[in-house]
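Engineer: Next one to model:
(one chain, ligands or ions: 1)
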Amino acid sequence: MSKTLEQIKKFYEEAFETSSKAPSQIDVRFYPYIGINHTIRLRDGRIFVRLAELCRDLPLEAQRALALILVAKLLRKKVSPQALQIYRESIKGVELRERVTANKRARGRKIITTAKGDFYDLGEIFGHLNQIYFDGKIPQPTLSWSTKKTFRILGHHAAAFDTIVVSRSLDGARVPKYVVEFVVFHEMLHIVHPTVHRSGRRYNHTSAFRRDERKFAYFDEAENWIEQNVKNLKRSAKRK
Ligand SMILES: [Zn+2]
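Structural biologist: Purely as a prediction, here's the structure:
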């Protein structure tokens, strides 16, 4: 056991000294909790303390205060205001650092994309369409199923991020493959036909775009299916 842990363990022994139920053994460890969490448990007369790894470098004075706080809580006694003040003061720096890491974690999550759905693989669909309709010439953008089951927007091409997002509501056995293909195909056409700016207006679906869209082999079937099923998609989106 490290010197610090040994010292911290003594703080817990001290904290129990005034109690009639002195534990037979105290086990103190740092634990890689996400965030600032500490736990104290009593099991078969033994005490188990798990301190947040983030707080390893707290000054001993603060560790002592934390021991008093946790033991008081376990024994359902009043927590010493001085101990609380010392602990709160010294935890501020750790809290700040933790907020920074939490923000980084949240940002990291946002860029995680999933081309492979439960049912359809957008990577495979893109590759197939690229070969058949575009001579394999469209550089592969980031492909991702949306996180939510949106139903009004079935697909989206974010030019700035070179990303095609397809609504997760289409990732299921009841959705014919040609429908998913059609949505991906439509978004691929947005790469081929970038937005046109004319007299202060933006045109996303130019007549050239619409002409190319009709080249999709199951154009009518896909349009019909979407027309007939958007209500069902809406319902399944509400269920989730
Ligand atoms: Zn469009």
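
Engineer: Just the buried residues of whichever helix in the chain runs longest, please?
Structural biologist: Assignment by DSSP state H gives helix 81-110 as the longest helix of the chain. Neighbour-count burial for helix 81-110 flags 83, 86-87, 90-91, 94, 98 (criterion: 16 or more other C-beta atoms under 10 Å). Any C-beta I mention is one placed from the backbone N, CA and C, and that applies to glycine too.

Engineer: again with stretch 11-31
Structural biologist: So for stretch 11-31, counting by 16+ other C-beta under 10 Å, buried means 11-12, 15-16, 23, 26, 28, 30.

Engineer: How far does it stretch from one end to the other?
Structural biologist: Length of stretch 11-31, first residue to last, C-alpha to C-alpha, to the nearest Å: 18 Å.

Engineer: which residues are in contact with that stretch?
Structural biologist: With C-beta atoms under 8 Å, 6 or more residues apart in numbering as the test, stretch 11-31 has contacts from 5, 8-9, 39, 42, 45-53, 55-56, 63-64, 67-68, 70-72, 75.

Engineer: again, but for stretch 71-78
Structural biologist: Contacts with stretch 71-78, where a contact means C-beta under 8 Å, 6+ apart, come from 12, 15-16, 19, 21, 40-42, 47, 79-80, 83.

Engineer: so the closest residue to Glu89 other than its chain neighbours is in which element?
Structural biologist: Once flanking residues are discounted, Glu89 sits nearest to Ala62: 7.8 Å by C-beta to C-beta, 6 or more residues apart in numbering. Using DSSP states H and E, Ala62 maps to helix 60-74.

Engineer: So which residues of the protein form strands?
Structural biologist: 25-31, 39-43, 46-52, 142-145, 155-158, 163-166, 196-198, 201-203 (DSSP state E).

Engineer: Partner strands of the first one, with direction?
Structural biologist: Pointing back at strand 25-31 there. Sheet pairing of strand 25-31 (DSSP bridges) gives strand 46-52 (parallel).

Engineer: list the buried ones in the strand it pairs with?
Structural biologist: Buried positions in strand 46-52, judged by neighbour count with 16+ other C-beta under 10 Å: 47, 49-52.
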